[in-house]
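In: kindly return the folded structure for what I paste below:
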Amino acid sequence: CTIKHEDHAQCLKLIQKAMADEALEPKVRQIYETVGVYLGYGLAQYTEFYNIEHVMILGRVSKGKGGDIMLAKAKEVLEKDFPDIPSITFHTADDHFKAV
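Out: Below you'll find the model as predicted:
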């Protein structure tokens, strides 16, 4: 496998750091919003096969303000584009666990 986790982890750390920069935040926010759109549509597709009431979101990408933006966008997609799907509750770990 040529994909190295360390490269992706370092990239994500730079993106998370950029969220704290007022000049970069609007552009970086778009990354998290895009991930949220994909998450919302992915979950909607899974509901065709599974009854989903709760989803546990883990991983460094869900940490901090960016993670909040991502989850808010996923909820928005589910509510606006898939109003017939029953509400899905998102759960996250604390920030320490997300960073592991």
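In: now do the strands in the chain.
Out: Under the criterion DSSP state E, the chain contains strands at 54-57, 89-92.
In: and the last one, what does it pack against?
Out: In terms of contacts (3 or more CB pairs under 8 Å, 6 or more residues apart in numbering; DSSP states H and E), strand 89-92 is packed against strand 54-57, helix 64-81. For glycine as for every other residue, the C-beta is placed from the backbone atoms N, C-alpha and C.
In: mind listing what the residue nearest the centre of the chain touches?
Out: To find the centre residue of the chain, average its C-alpha atoms and take the closest one (CA atoms, centre = their mean): that gives Met70, at 3.9 Å. If you count contacts by CB atoms under 8 Å, 6 or more residues apart in numbering, Met70 has them with Tyr32, Glu33, Val35, Gly36, Leu39, Val61, Ser62.
In: mind listing what's buried in the longest helix along the chain?
Out: Criterion DSSP state H: the longest helix present in the chain is helix 25-46. Residues of helix 25-46 classed as buried: Val28, Arg29, Ile31, Tyr32, Glu33, Val35, Gly36, Val37, Leu39, Gly40, Leu43, Ala44 (neighbour count, 16 or more other CB atoms under 10 Å).
In: from those residues, pick the one nearest Asp94.
Out: Taking CB to CB as the measure, Asp94 lies nearest Tyr32 of those, at 19.1 Å.
In: and that closest one, how far from Gln10?
Out: For Tyr32, the distance to Gln10 equals 18 Å [CB to CB, to the nearest Å].
In: then Arg29?
Out: Following CB to CB, the distance that separates Arg29 from Gln10 is 20 Å.
In: redo the contacts of Met70 as CSV? Include distance to Ala23 and pLDDT.
Out: Below are the contacts of Met70 laid out as CSV (distance: CB to CB, whole Å; pLDDT from 0 to 100):
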residue, distance to Ala23, pLDDT
Tyr32, 17, 96
Glu33, 18, 98
Val35, 21, 96
Gly36, 22, 97
Leu39, 27, 97
Val61, 22, 87
Ser62, 24, 89
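In: max pairwise distance over these: which two?
Out: Maximum pairwise distance in the contacts of Met70, criterion CB to CB, is 14.0 Å, between Glu33 and Ser62.
In: what pLDDT does the model give Ala99?
Out: At Ala99, the predicted lDDT confidence score is 56.
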